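Q: model this:
(4 chains, ligands or ions: 4)
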Number of protein chains: 2
Amino acid sequence: MNQKNEIVNKLRTSGLRPTKQRVLIAKSLFDSDKTFHFTVETLNKKINKNGVTKVSLATIYNTVEAFTSAGYLKEILTSKNKSYYDTNIKSHHHFYDEGSKELTDIRYSQIRLSKIPTPPKGKKIKNLEVVIRIQK
Amino acid sequence: MNQKNEIVNKLRTSGLRPTKQRVLIAKSLFDSDKTFHFTVETLNKKINKNGVTKVSLATIYNTVEAFTSAGYLKEILTSKNKSYYDTNIKSHHHFYDEGSKELTDIRYSQIRLSKIPTPPKGKKIKNLEVVIRIQK
DNA sequence: TTCTAGTTTATAATAATTCTAAACTAGAAA
DNA sequence: TTTCTAGTTTAGAATTATTATAAACTAGAA
Ligand SMILES: [Mn+2]
Ligand SMILES: [Mn+2]
Ligand SMILES: [Zn+2]
Ligand SMILES: [Zn+2]
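A: Ligands and ions are numbered 1, 2, ... in the order given. You can find the predicted model right below:
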């Protein structure tokens, strides 16, 4: 019950009520030591496996959105027509395999940018992402 | 009619019949000396302005897809739920303004990568894109 | 225990895109 | 020049991902 308390506190910190649905989803997302990429579709399958609906699809959408706003998830832009999310919220980059449509992390330090442009006037850089598309 | 011939040849080269719809769209996309970014929605408005339908929406989708496959357009991955395309097919990078959802080109030489990772075994790099997200 | 704002849920609605299949046409061949 | 047909266009239906709606539920403060 210790990890559960951590999750409950994490949610409370962001003004999110720790409902049983959110706690369940948070466990599924943040409990492992390894981070991963997912879509709402894959998360839904993970949560509601073998025909047992534990959390409605609407709530999965709502929760992913809430966790993203709270900064617990990052949205990744790769494939059209489907949103990908990342439980790794540290600044990092990606390989995107065009064949399998799979994302792989590239640690921040694995790419060095020795020259970057200044943003347009009045705008500042929010983040910088490198996507390296790969194929066979 | 010279530019039209160029377009007709360009299409023929890729095995695309130069129909009047394709030629019209190609003119709209490739005639200017400056490149630009667009969505199917904005292209549709440009082609079919003031309520006069010159080309059906289905054909606009088909043609953008055909031109992209032929290498005359590049798809850009930025926003979820909508595909962006680029008439600039040279290797380059982008600013993406989160507020206005607008893309701006960054010339290839404006970013220098002094260290990039080796791709997973059996895979090779198809391209590398940097997106710098900016905001006020 | 009561109360209510926040949350969940089924379901409808929307938006972008893709599919379908019938009508049309570019252009090779007769 | 006309014929022929594979490739193309088109309206509309279908699909997919996502968002909106509004009624039922619940966490947790009082
Ligand atoms: Mn879509
Ligand atoms: Mn969508
Ligand atoms: Zn990642
Ligand atoms: Zn561009």
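
Q: Apart from its neighbours in sequence, what residue is nearest residue A:90?
A: residue A:108 (7.0 Å; CB to CB, 6 or more residues apart in numbering or on different chains). For the C-beta atoms, the positions are set from N, CA and C on the backbone; glycine is no exception.

Q: tell me which parts of chain A are close to chain B?
A: A:75, A:77-83, A:95, A:97-98, A:104, A:106, A:110-117, A:119-120, A:122-136 (CB under 8 Å from any CB of the partner chain).

Q: same thing but 6 Å
A: A:77-78, A:80, A:83, A:106, A:110-117, A:119, A:123, A:125-135 (CB under 6 Å from any CB of the partner chain).

Q: of these, buried ones?
A: A:77-78, A:83, A:106, A:111, A:116-117, A:119, A:123, A:128-134 (16 or more other CB atoms under 10 Å in any protein chain shown).

Q: Quick check: of those residues, which lies closest to DNA strand D?
A: residue A:83 (3.2 Å; CB to the nearest atom of the strand).

Q: Now the closest one: closest residue in space, sequence neighbours ignored.
A: residue B:80 (4.8 Å).

Q: Helix, strand, or coil at that neighbour?
A: At residue B:80 the chain is in coil, as set by DSSP: H, G, I helix; E, B strand; the rest coil.

Q: and what of residue A:53?
A: Looking at residue A:53 with three-state DSSP, the answer is coil.

Q: what do you get for residue A:104?
A: Residue A:104 - assigned by three-state DSSP - is strand.

Q: Ramachandran coordinates for the residue most central in space within chain A?
A: Nearest to the geometric centre of chain A sits residue A:86, at 2.4 Å (CA atoms, centre = their mean). Note on residue A:86: backbone dihedrals following degrees, to the nearest 10 are phi -130, psi 130.

Q: got the contact list for it?
A: A:37, A:74, A:76 (CB atoms under 6 Å, 6 or more residues apart in numbering or on different chains).

Q: could you redo the last one with a cut-off of 10 Å?
A: Residues near residue A:86 by CB atoms under 10 Å, 6 or more residues apart in numbering or on different chains: A:35-38, A:68, A:73-76, A:92, A:94, A:103, A:105.

Q: Now intersect those residues with the helices, please.
A: residue A:68 (DSSP state H).

Q: Just the buried ones from the contacts of residue A:86, in PyMOL syntax?
A: In PyMOL, this line selects whichever of those come out buried by 16+ other CB under 10 Å:
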select buried, chain A and resi 37+38+68+73+74+76+92+94+103+105
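
Q: Residues touching stretch A:115-123, excluding its own?
A: Residues contacting stretch A:115-123 (CB under 10 Å, 6+ apart): A:124-126, A:128, B:93, B:95, B:97-100, B:102, B:104, B:106-107, B:109-114, B:130, B:132-136.

Q: Pull out the CA atoms of it and give them to me as PDB.
A: Below are the C-alpha coordinates for stretch A:115-123, written out as PDB (Å, rounded to 0.1, in the frame of the first residue of the first chain):
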ATOM      1  CA  LYS A 115      24.100  25.100 -33.200                       C
ATOM      2  CA  ILE A 116      20.400  26.000 -32.900                       C
ATOM      3  CA  PRO A 117      18.600  29.000 -34.400                       C
ATOM      4  CA  THR A 118      17.100  31.800 -32.300                       C
ATOM      5  CA  PRO A 119      13.300  31.700 -32.200                       C
ATOM      6  CA  PRO A 120      11.200  34.400 -33.800                       C
ATOM      7  CA  LYS A 121      10.900  37.700 -31.900                       C
ATOM      8  CA  GLY A 122       8.600  37.500 -28.900                       C
ATOM      9  CA  LYS A 123       8.600  33.700 -28.800                       C
END
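
Q: about what we covered before: surely the residue nearest to residue A:83 touches residue A:82?
A: Yes. Residue B:80 lies in contact with residue A:82 (CB atoms under 10 Å); the separation is 8.0 Å.

Q: how about the nearest residue to residue A:133, chain neighbours excluded?
A: residue B:126 (4.5 Å).

Q: Which neighbours in the sheet does the helix or strand the one you found falls within have, and how are they oriented?
A: In the assignment (DSSP states H and E), residue B:126 maps to strand B:124-135. Each strand paired with strand B:124-135, and its direction, by DSSP bridges: strand A:124-135 (antiparallel), strand B:93-97 (parallel).
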